[in-house]
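K.L.:
Show me the folded form of this:
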Amino acid sequence: QVQLVESGGGLVQAGGSLRLSCVASRLTFSAFTMGWFRQAPGKEREFVASISWSGYTTYYAASVKGRFTVSRDNDKNTVYLQMNSLKPEDSAVYYCAAGARQRATEVRLYDYWGRGTQVTVAS
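P.N.:
Below is the predicted model of the structure:
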């Protein structure tokens, strides 16, 4: 059974940084596009960033471009999300996901999901 486990969330002041990690198991990790999504209370899950299987192609939501950086280490089966200049509106549960399509921004295009990690940005 495929497993994606996120970590690195927490409470941070506005303007601060966090680095999220997602470790995959029982998955041919290097064959999948990896995505990060987030969901705030009462809102739909939204796309944050994605990275191609090779790591060469990344894609970001407009709201995080220039502040967040997605990367991966295929040897460690791990994808990262470096989040800088955090804002209160970035507060959400962050999920990583694995899918077959590059630049996929829709939830339905991802096949496997983690359980999420909470990020709270205090003003």
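
K.L.:
Going by C-alpha atoms from here, please, whenever you check contacts or count neighbours.
P.N.:
OK.

K.L.:
A strand includes L27, no?
P.N.:
No - L27 is assigned coil when assessed by DSSP: H, G, I helix; E, B strand; the rest coil, not a strand.

K.L.:
In this structure it contacts M34, no?
P.N.:
No - at 11.6 Å, L27 does not count as touching M34 under the criterion of Cα atoms under 8 Å.

K.L.:
Show me which of these two is the more surrounded one.
P.N.:
M34 (33 against 15; other Cα atoms under 10 Å).

K.L.:
Not counting its neighbours along the chain, what's nearest that one?
P.N.:
A98 (4.7 Å; Cα to Cα, 6 or more residues apart in numbering).

K.L.:
do the same with T69
P.N.:
T69 sits nearest to Q82 (Cα to Cα, 6+ apart), 5.0 Å away.

K.L.:
picking that back up, quick one, what contacts the residue nearest to M34?
P.N.:
F32, T33, M34, G35, Y110, D111, Y112, W113 (Cα atoms under 8 Å, 6 or more residues apart in numbering).
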